[in-house]
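1. Based on what follows, work out the 3D shape:
(one chain, ligands or ions: 1)
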Amino acid sequence: MRLRATCYWIFLTSVLSVLSLTASAEKPHSADVIITNARIYTVNVKQPWAEAIAIEGEKIVTVGSQKDVELLRGPTTKVINAKGHLLLPGFTDCHIHFLDGSFSLLRVNVAEAKTLPQIQKMVKEFAAAHPDAPWILGRGWSYPIFAPSGLPDKKYLDEIIPDRPVYLEGFDGHTWWANSKALQAAGITRKTPDPANGRFVRDPVTGEPTGAIQEEAADAVMHRAIPVPTREERLEAFRAGLREANRVGLVRIHSAGGVSISSSDLQNVELLEELGTQGELTVRMYLAYRLDPPSVTQKQLDEIDAARRRYHDDWIAAGAVKFFMDGVIEGHTAAMLAPYSDDPKQIGSLFWDPAQYQQAVTELDKRGIQIFTHAIGDKAVRTVLDSYERAAKVNHTSDARHRIEHIETITPQDIPRFGKLGVIASMQPLHAYPDDDTLKIWARNAGPERASRGWAWHSIEQNGGVLAFGSDWPVVTLNPWSGVQNAVTRQTTDGNPPDGWLPQERISLAEAIRAYTLDAAFAGHREKTEGSLEPGKLADLIVLSQDLFKIEPSEIVKMEVMLTMVGGKVVYESPAWKSVASAAVGGSTE
Ligand SMILES: [Zn+2]
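-> Down below sits the predicted model:
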């Protein structure tokens, strides 16, 4: 290696000295960083594969052969030898609740627990390890653990922690679980009325709250009793989230709007700016302003405009608005065109009055503000497509790239409208993970006909629609490789169903990568500067432990990110990579 590099250098300097005699103005100045000996999949159709890449400052200057790039190697150039590993553009997560997810890293996470005793053990251990925490907060439990009711009870938490409040969010963010101390701290008693869109589950005999708290009722504890995280706590959470994002290969996120007020990304944008000033912001941020019913007000429009004017660079940009049009299929709150199959009395409902929503959409579209709307049921999806179509007609706008988030079911007639109207399908491949939750609860509620168009990635793409992939962290992991694997297999990690669930909706590995890179950049109006490895674009890239194009699809989740670079700076190196790199000191990394 050393010999070859030295030879190149001698060759290069002699070429350069000849060049400098003839045309000193054209002498190529050396790159800051070159990455050599890589198997580069660029996601650029004009040059899909390359061997090496040269970077100057934050940007890529050359992508090409080893020889092309060696020409830019100078005495101060840092050389990274990728040792034949696969190199891709860095990944974007197009739907993430970043601060909520970041907090989940610092709190107890019971998502892996399969039984109640396991949850109790984890919570107890966490509490013991954090003796000074006034509240024990966490998330991740799922309903089947509490069969047959499917709902948790305060008594199971009281058994392990009677003296401190405990509050644990369910994995889907729709139900919370409090112990007696937490109910007491929030002043919730038998006499507390339910709020409009929520419920304190009660014992049928005594009327006492059981500790299971649904939907909006959760705010009673969250906002009234739990201390708002301090600045320092929020900064600490952001730092943990940024590290974790870089570790799994993420270089940009599109915020899906904060779930709780204290954790909305846009409300914490100053903290992100502060991290940026200190050189600690290592993930690019596209932030959304959350708009709730009944209507959009002038004050909100002004706030959105102000945020957009202030934040619009490569690191932090605001200028998107997030709406929620409906709920979820599991809870029968997603808006459907026909009744739910398991319960014909329910059909779900639209959260927005369609006329008010149309007015808000038209107003934002006119101002060139990008819209993200959560729509899961086929009726919600249709209502949003209709509104986007009408707004473009009224305003004579084009290329607005408004998005629909989730799209879990869709009618056959609406599938081609994504391509036709230029609406982005922002979907989260891991939500279609075919476990019992999906195949037994989701599919039962939707019924076989609608379930046959569940997460119709291939159909939407075949009809000209652009897919933008994300996670919905903390609902599921932010690790995009689980998403990539499910997009290409639609199988559980133990290989079920054997042919994949709705195998016709699987997509290829290259398509899945594009939905996390170039199409994700397109979905945030950034495809000219990000999303593929081309000269002039930002040097955001990752090096992987395995060649995804050569391994079995079922092995994708076992793959690890070895190195993550954002804007030409290495922001993450895996332990395995570090040991290889240090063993090679004096070799080609000089
Ligand atoms: Zn979400």
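2. okay, CA-based contacts and neighbour counts for the rest of this
-> Noted.
3. so where is the stretch 101-250 of the chain shaky, pLDDT-wise?
-> For the stretch 101-250 of the chain, no stretch has pLDDT under 70.
4. Could you look up the SS state of Met562?
-> Using DSSP: H, G, I helix; E, B strand; the rest coil, the structure places Met562 in strand.
5. what's the burial count for it?
-> 23 (other C-alpha atoms under 10 Å).
6. Same check on Lys46?
-> Lys46: 8 surrounding residues under other C-alpha under 10 Å.
7. How is it assigned, secondary-structure-wise?
-> Strictly by three-state DSSP, Lys46 counts as coil.
8. Run through the bridge partners of the spatially closest residue to Gly536 that is not a sequence neighbour.
-> Nearest non-adjacent residue to Gly536, counting by C-alpha to C-alpha, 6 or more residues apart in numbering: Ile60, 5.5 Å away. Beta-bridge partners of Ile60, counted by DSSP bridges, are Ile55.
9. Count the neighbours of Asn246 for me.
-> Asn246, neighbours per other C-alpha under 10 Å, totals 26.
10. In a strand, it, correct?
-> No - secondary structure of Asn246 (three-state DSSP): helix, not part of a strand.
11. contacting residues for it?
-> Taking C-alpha atoms under 8 Å, 6 or more residues apart in numbering, we find Asn246 in contact with 282-283, 564, 571-572.
12. got it, and Arg450?
-> 409-411.
13. Distance-wise, check Arg164 relative to Pro134.
-> Arg164 is 7 Å from Pro134, where distance means C-alpha to C-alpha, to the nearest Å.
14. Give me the more crowded residue out of the two.
-> Taking neighbours as other C-alpha under 10 Å, Arg164 and Pro134 compare with Arg164 leading, 17 against 13.
15. That one: what's it in contact with?
-> Taking C-alpha under 8 Å, 6+ apart as the definition, contacts of Arg164 comprise 134-136, 181-182.
16. right, and Lys420 touches Gly464 too?
-> Yes - Lys420 is in contact with Gly464 according to C-alpha atoms under 8 Å; the separation is 7.2 Å.
17. For Asp499, grab the count of nearby residues.
-> 12.
18. re earlier: just the buried ones among the contacts of Arg164, please.
-> 135-136, 181-182 (16 or more other C-alpha atoms under 10 Å).
19. Backbone dihedrals for Leu541, please?
-> Backbone geometry at Leu541, expressed as degrees, to the nearest 10, gives phi -150, psi 170.
20. List the contacts of it.
-> Taking C-alpha under 8 Å, 6+ apart, we find Leu541 in contact with 87-91, 251, 533, 564-566.
21. Look up how far Arg308 lies from it.
-> 27 Å.
22. ok, which stretches of the stretch 151-300 of the chain are helices?
-> Ranges of helices in the stretch 151-300 of the chain, per DSSP state H, counting those that start in this stretch, are 154-158, 180-185, 218-222, 231-247, 269-277, 298-310.
23. Quick one: those helices as a markdown table, columns for distance to Ala50 too.
-> Below are the helices of the stretch 151-300 of the chain laid out as a markdown table (distance: least, C-alpha to C-alpha, whole Å):
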| stretch | distance to Ala50 |
| --- | --- |
| helix 154-158 | 56 |
| helix 180-185 | 57 |
| helix 218-222 | 51 |
| helix 231-247 | 23 |
| helix 269-277 | 32 |
| helix 298-310 | 37 |
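24. With respect to Val205, which of these lies nearest?
-> In terms of C-alpha to C-alpha, the element of those nearest to Val205 is helix 154-158, at 16.0 Å.
25. how about the closest one as PDB, C-alpha atoms only?
-> Extracted in PDB, the C-alpha atoms of helix 154-158 (Å, rounded to 0.1, in the frame of the first residue of the first chain):
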ATOM      1  CA  LYS A 154     -50.800   0.900  38.000                       C
ATOM      2  CA  LYS A 155     -50.600  -2.000  40.400                       C
ATOM      3  CA  TYR A 156     -47.800  -3.600  38.500                       C
ATOM      4  CA  LEU A 157     -45.700  -0.500  38.800                       C
ATOM      5  CA  ASP A 158     -46.700   0.100  42.400                       C
END
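26. For the spatially closest residue to Ala521 that is not a sequence neighbour, the count of nearby residues, please.
-> Nearest residue to Ala521, sequence neighbours excluded (C-alpha to C-alpha, 6+ apart): Glu527, at 4.7 Å. For Glu527, the neighbour count with other C-alpha under 10 Å is 16.
27. before we move on, what about Gly276?
-> 16.
28. so Gln428 touches Ile404, yeah?
-> No - taking contacts as C-alpha under 8 Å, Gln428 lies outside contact range of Ile404: 11.5 Å.
29. per-residue confidence for Gly258?
-> For Gly258, the pLDDT comes out at 59.
30. quick one, helices of the stretch 401-550 of the chain?
-> Under DSSP H, counting those that start in this stretch, the stretch 401-550 of the chain gives helices at 417-421, 436, 443-451, 457-462, 480-489, 509-516, 518-522.
31. who does the longest strand along the chain touch, helix- and strand-wise?
-> Taking DSSP state E as the criterion, the chain has its longest strand at strand 316-324. Judged by 3 or more C-alpha pairs under 8 Å, 6 or more residues apart in numbering; DSSP states H and E, the packing partners of strand 316-324 are strand 284-290, helix 298-310, strand 370-375.
32. residues making contact with the second one?
-> With C-alpha under 8 Å, 6+ apart as the contact definition, helix 298-310 has outside contacts at 289, 317-319, 321, 364.
33. go on, stretch 212-225?
-> So stretch 212-225 is in contact with 151-154, 174-178, 182-183, 185-186, 194-201, going by C-alpha under 8 Å, 6+ apart.
34. Whichever of those residues end up buried, select them in PyMOL.
-> Applying 16+ other C-alpha under 10 Å to the contacts of stretch 212-225 leaves a buried subset, and the PyMOL line that selects it is:
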select buried, resi 151+152+153+154+174+175+176+177+178+182+183+186+198+199+200+201
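35. Neighbour-wise, give me the winner out of the contacts of Leu541.
-> Result: Leu533 is most packed of those (other C-alpha under 10 Å), 33 neighbours.
36. gap between that residue and Ile40?
-> 9 Å.
37. shared neighbours, those two?
-> Here Leu533 and Ile40 have Leu88 as joint contacts, going by C-alpha under 8 Å, 6+ apart.
38. how about the strands of the stretch 101-250 of the chain, start to end?
-> All strands of the stretch 101-250 of the chain, identified by DSSP state E, counting those that start in this stretch, fall at 108-109, 136-141, 166-170, 175-178, 198-202, 209-215, 250-255.
39. Among those strands, which comes closest to Val45?
-> Among the strands of the stretch 101-250 of the chain, the nearest to Val45 by C-alpha to C-alpha is strand 250-255 (21.4 Å).
40. how far off helix 480-489 does the closest one point, in degrees?
-> Angle between the axes of strand 250-255 and helix 480-489 is 80 degrees (criterion: axes from the mean of the first three to the mean of the last three C-alpha atoms, to 10 degrees).
41. For strand 250-255, which strands pair with it and how are they oriented?
-> By DSSP bridges, strand 250-255 pairs with strand 91-96 (parallel), strand 284-290 (parallel).
42. what sits against Ser349?
-> Contacts of Ser349 (C-alpha under 8 Å, 6+ apart): 326, 333-336.
43. and with 6 Å instead?
-> By C-alpha atoms under 6 Å, 6 or more residues apart in numbering, Ser349 lies in contact with Ala335.
44. ok, for Ala335, nearest residue in space, not its chain neighbours?
-> Spatially, and ignoring its direct neighbours in sequence, Ala335 is nearest to Gly348 (4.2 Å; C-alpha to C-alpha, 6+ apart).
45. what separates stretch 454-461 from the chain centre, distance-wise?
-> Taking C-alpha atoms, centre = their mean, to the nearest Å, one finds the center of stretch 454-461 at 19 Å from the center of the full chain.
46. Same question for stretch 136-150.
-> 23 Å.
47. And that stretch, end to end?
-> End residues of stretch 136-150 are separated by 22 Å (C-alpha to C-alpha).
48. So which bits of it are buried?
-> 136-143, 145.
49. ditto for stretch 558-574
-> 559-569, 571-574.
50. One more: stretch 185-192?
-> Here stretch 185-192 shows 186, 188 as buried, counting by 16+ other C-alpha under 10 Å.
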